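> need coordinates for the following:
(3 chains)
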Amino acid sequence: MPKRSSKDVPGQGNAKKPKPSGHWAMGLLNTMKDPKYIVKTDDLVTVIKDVYPKAKFHFLVIPKEDISNLKAVTSKHLDLLKHMEKVGGEIAGENKGSNFKIGYHAEPSMIRLHLHVISDDMDSVCLKNKKHWNSFTTDFFVKSEEVIKSLEDNGKVVLPSKEECKKFMETPLKCHKCSVIPKNMPDLKKHILTHLEK
DNA sequence: GTTCTAGAAC
DNA sequence: GTTCTAGAAC
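Reported below is the predicted structural model:
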């Protein structure tokens, strides 16, 4: 039996309703139109800077086609996903001196498929809590190449379950570059500075 | 996604 | 008393 949510509206069957355009989950669609954040575009994608970057460099490659998330991705999108990864690799290549990770969040908060292209320093004032950290340093972060492989092998994108995602987010803090276990977020943020190039 | 803040942790 | 985390936001 499905759990009843406080958002359920009696007598309306609780069909999926589109979110109002002012809702925070629609934020990416607005940012895509803001020249201040647009890095580049082509026929298929828009590349923007993340409004709240979680590292020194943090870009998002977003398809112009209205694809809400990975669950809506099918084999017909294979070429698009390959193109997104290629564009992401190009953006990364334009910022030599940093190593990049290119992938998707298993359970994104924002509407519209978006590929993260993020430098691995994780040094940013916007990275504030455990959820931020674990969303990029555990398997909650699914590499683009794995998403593409999954689509090729299975005809759809196989993702971690809701329970697995919850476990990823509850993973104790750990440095992504060494074996250090920080005691809390401020400690972790200080520690990662020791891995920066001098 | 972020902001705010109560109460836990120190 | 201050720092830090984690859950609500109508």
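
> okay, now the residue of chain A found nearest DNA strand C: neighbour count?
Of the residues in chain A, the one nearest DNA strand C is residue A:184, at a distance of 3.0 Å by C-beta to the nearest atom of the strand. Using the backbone N, CA and C atoms, a C-beta is placed for each residue, glycine as well. Burial of residue A:184, expressed as a neighbour count using other C-beta atoms under 10 Å, amounts to 9.

> correct me, but it touches residue A:172?
No: checked against C-beta atoms under 8 Å, the pair residue A:184 and residue A:172 is beyond contact range at 10.7 Å.

> residue contacts, residue A:168?
In this structure, residue A:168 makes contact with A:106, A:134-135, A:138-140, A:160, judged by C-beta atoms under 8 Å, 6 or more residues apart in numbering.

> one step back: which SS state does the residue lying closest to the residue of chain A closest to DNA strand C once chain neighbours are set aside fall under?
The shortest distance from residue A:184 to any residue that is not its chain neighbour, by C-beta to C-beta, 6 or more residues apart in numbering, is 7.3 Å, and that residue is residue A:173. The local conformation at residue A:173, judged by DSSP: H, G, I helix; E, B strand; the rest coil, is coil.

> for residue A:173, what are its contacts?
Residue A:173 makes contact with A:130, A:133, A:181-182, A:184-185, A:188, according to C-beta under 8 Å, 6+ apart.

> and for residue A:117?
Taking C-beta under 8 Å, 6+ apart, one finds A:47, A:57-61, A:88, A:91-92, A:100-102 in contact with residue A:117.

> just those residues: which are in helices?
Among those, the residues falling in helices (DSSP state H) are A:88, A:91-92.

> ranges for the strands of chain A?
Under the criterion DSSP state E, chain A contains strands at A:38-41, A:45-49, A:58-63, A:100-105, A:115-119, A:141-143.

> redo those as CSV? Include mean pLDDT.
Converted to CSV, the strands of chain A look like this (pLDDT from 0 to 100):
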stretch, mean pLDDT
strand A:38-41, 98
strand A:45-49, 98
strand A:58-63, 98
strand A:100-105, 98
strand A:115-119, 98
strand A:141-143, 98
